[in-house]
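J.: Pasting the sequence and the predicted coordinates here, then a few questions.
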Amino acid sequence: IIAYTDGSALHADYKLHARAGWGVWYGEGSAFNVSAQLQGFVQTSYKAEARALLHVVRTAGVPTCIKCDCKP
């Protein structure tokens, strides 16, 4: 199984105004596909990427290859 993850932030240069979201895509029609807003006061693209990874860890019942584009 392959899971694709992504996280993004809008207005990332301004901590008080930043808003982030994350998503995971397993494949067409998968019940585990999801996109959501990041919760919490401080929002960054790195935290959004980590939240997407957490979703895969929680939902993957078998060994899974995670495709992530995060490069700190």
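T.: Noted; the coordinates are in hand. Numbers count the residues shown, from 1 in each chain.
J.: how about the strands in this protein?
T.: 2-10, 19-25, 34-37, 65-68 (DSSP state E).
J.: Need those strands in TSV (columns: distance to Ala48 and mean pLDDT).
T.: Backbone N, C-alpha and C define where each C-beta goes, glycine included. Below are the strands of the chain laid out as TSV (distance: least, Cβ to Cβ, whole Å; pLDDT from 0 to 100):
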stretch	distance to Ala48	mean pLDDT
strand 2-10	3	93
strand 19-25	4	95
strand 34-37	9	96
strand 65-68	11	91
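J.: Need the winner for burial among those strands.
T.: strand 19-25 (a mean of 19; mean count of other Cβ atoms under 10 Å).
J.: and that one, what does it pack onto?
T.: Contact partners of strand 19-25 among helices and strands, from 3 or more Cβ pairs under 8 Å, 6 or more residues apart in numbering; DSSP states H and E: strand 2-10, strand 34-37, helix 45-59.
J.: which residues touch the most centrally placed residue in the chain?
T.: With distances taken as Cα atoms, centre = their mean, Ala52 lies nearest the centre of the chain, 2.6 Å away. By Cβ atoms under 8 Å, 6 or more residues apart in numbering, Ala52 lies in contact with Thr5, Asp6, Gly7, Trp22, Gly23, Val24, Cys68.
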